[in-house]
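J.: coordinates only, sequence not included:
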Ligand SMILES: O=C(O)CCC(=O)C(=O)O
Ligand SMILES: [Fe+2]
């Protein structure tokens with residue numbers, strides 16, 4: 001298949017029937033969990049028990065929702081509106097901001113697409129650092145509101161990610177000082193690259209055979225996701241299958257990424273998830289990927305290791321891990337796994 005097939009999304013506006021290239025068979029569309037009462041934990045960050053609830057959810061699920069998170073609803077609404085404004089542009093205009101082959105920023109199909117036999121019923125837009133370069137291509141004279149709102153979103157989501165990281169460390173008996181590379185913005189004035197990814201899942205004529213975003217884990221430490229009020233996210237739980245994450249007004253979904261799984265020495269689960277589509281509603285979601293500073297080597301934290309818990313993974317930088325993931329996808333963690341009897345060097 002031509003490499004551009006995995007970059008240029010379908011012109012959804014002008015498709016009335018699901019093409020064969022986008023028809024997934026049942027092996028890939030395994031059904032949802034049979035127990036409707038099973039739900040991803042919802043944690044109130046204002047609760048005095050927030051840290052221990054987060055630890056429990058991260059160990060059992062690798063995902064939870066948060067409320068009282070401090071990000072104003074008015075900002076989340078504006079981010080959703082700007083996201084809808086972007087994806088409502090004609091395909092020809094969106095293609096002016098297309099991601100380059102091998103690149104990560106701009107408009108296009110999710111990069112995981114090339115690891116699957118069928119194409120995705122979705123389109124994305126990735127912002128790393130400033131959104132201005134690609135926003136100018138989309139709106140030559142009218143990009144400032146988009147940029148301002150996305151930058152504010154990056155700032156807020158980064159602050160919340162740092163707060164959640166501190167709570168996670170605290171929940172397993174660590175302080176921020178135990179983690180050399182963790183430098184919250186109030187300590188370090190040199191912000192790391194802020195990665196915001198906008199997803200769009202147009203209404204689909206045959207949702208049961210389509211796939212919005214195929215199963216994957218995120219490569220981040222943790223990911224914050226705003227999914228508005230249209231369901232579509234599903235997380236995989238062992239022995240239960242795919243559990244839908246019901247939108248809760250104003251709340252955010254937090255997923256544990258591969259790097260958090262690594263630094264917690266396997267204690268926190270990296271969450272396998274996917275997004276399904278529906279026949280009537282155009283769904284959008286906004287994901288913020290929080291990771292360590294680009295040049296920091298991360299490895300299982302010393303306090304997570306003892307004679308019963310050998311280090312499971314070798315040190316990697318985020319960049320190095322993204323490269324391994326971009327080449328080997330779901331084999332990436334296996335490739336950096338140490339033998340059981342390897343001692344820390
Ligand atoms: O849209 C969603 O619910 C999931 C998005 C996601 O998993 C991602 O952007 O990595
Ligand atoms: Fe994801």
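T.: That came through, no problem. Bear in mind that the values here come from a model prediction, so they are computed numbers and not experimental data. Ligands and ions are numbered 1, 2, ... in the order given.
J.: residues from the chain in reach of ligand 1?
T.: Proximity of the chain to ligand 1 (Cβ under 6 Å from any ligand atom) is limited to residues 197, 199, 213, 218, 225, 227, 232, 233, 273, 275, 285, 287. Every C-beta, even on glycine, is put in place using the N, C-alpha and C of the backbone.
J.: where's the helix or strand encompassing the first one relative to the chain centroid, distance-wise?
T.: Counting by DSSP states H and E, the element that carries residue 197 is strand 195-201. Relative to its chain's centre, strand 195-201 lies at 9 Å (Cα atoms, centre = their mean, to the nearest Å).
J.: Sketch out the strands for the stretch 101-250 of the chain, chain order is fine.
T.: Residue ranges of the strands in the stretch 101-250 of the chain, as given by DSSP state E, counting those that start in this stretch, are 106-108, 123-128, 195-201, 213-216, 222-226, 233-237, 241-244.
J.: and those as JSON lines, adding mean pLDDT and mean neighbour count?
T.: Formatted as JSON lines, the entries for the strands of the stretch 101-250 of the chain read as follows, by pLDDT from 0 to 100; neighbours: other Cβ atoms under 10 Å:
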{"stretch": "strand 106-108", "mean pLDDT": "97", "mean neighbour count": "25"}
{"stretch": "strand 123-128", "mean pLDDT": "98", "mean neighbour count": "22"}
{"stretch": "strand 195-201", "mean pLDDT": "98", "mean neighbour count": "24"}
{"stretch": "strand 213-216", "mean pLDDT": "97", "mean neighbour count": "20"}
{"stretch": "strand 222-226", "mean pLDDT": "98", "mean neighbour count": "25"}
{"stretch": "strand 233-237", "mean pLDDT": "96", "mean neighbour count": "22"}
{"stretch": "strand 241-244", "mean pLDDT": "95", "mean neighbour count": "18"}
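J.: Check what pLDDT residue 33 gets.
T.: We note a pLDDT of 84 for residue 33 in this prediction.
J.: quick one on the thing from earlier: which members of the residues of the chain next to ligand 1 are the farthest-apart pair?
T.: 218 and 232 (16.1 Å; Cβ to Cβ).
J.: tilt between the strand holding residue 197 and strand 233-237?
T.: Here strand 195-201 runs at 110 degrees with respect to strand 233-237, directions being taken by axes from the mean of the first three to the mean of the last three Cα atoms, to 10 degrees.
J.: Adjacent strands (with direction) for strand 195-201?
T.: Based on DSSP bridges, the pairing partners of strand 195-201 within the sheet are strand 123-128 (antiparallel), strand 283-290 (antiparallel).
J.: what comes into contact with the last one?
T.: If you take Cβ atoms under 8 Å, 6 or more residues apart in numbering as the criterion, strand 283-290 is touched by 79-80, 83-84, 87, 153-154, 157-158, 161-162, 165, 194-201, 212, 218-228, 230, 232-233, 257, 275, 277.
J.: tell me the angle that strand makes with strand 222-226.
T.: Angle between the axes of strand 283-290 and strand 222-226 is 150 degrees (criterion: the same axes, to 10 degrees).
J.: Same question for the shortest one.
T.: Using the same axes, to 10 degrees, the inter-axis angle of strand 123-128 relative to strand 222-226 is 130 degrees.
J.: just for the stretch 101-250 of the chain, where's the confidence low?
T.: Confidence mapping of the stretch 101-250 of the chain against pLDDT under 70 gives the ranges 186-192.
J.: Can you name the residue of it nearest to ligand 1?
T.: For the stretch 101-250 of the chain and ligand 1, the shortest gap (Cβ to the nearest ligand atom) falls at residue 233, measuring 3.4 Å.
J.: Could you give the bridge partners of that residue?
T.: residue 275.
J.: Assess the claim that it and residue 275 are in contact.
T.: Yes: assessed by Cβ atoms under 8 Å, residue 233 is found in contact with residue 275 at 5.6 Å.
J.: Run a quick neighbour tally on residue 117.
T.: For residue 117, the count of nearby residues is 11 (other Cβ atoms under 10 Å).
J.: So which bits of the lengthiest helix in the chain are buried?
T.: Scanning the chain for the helix with the most residues, using DSSP state H, yields helix 144-171. Residues of helix 144-171 classed as buried under the neighbour-count rule (16 or more other Cβ atoms under 10 Å) are 146-147, 149-151, 153-154, 156-171.
J.: So residue 195 sits against residue 128, correct?
T.: Yes: contact status for residue 195 versus residue 128: in contact at 5.2 Å, counting by Cβ under 8 Å.
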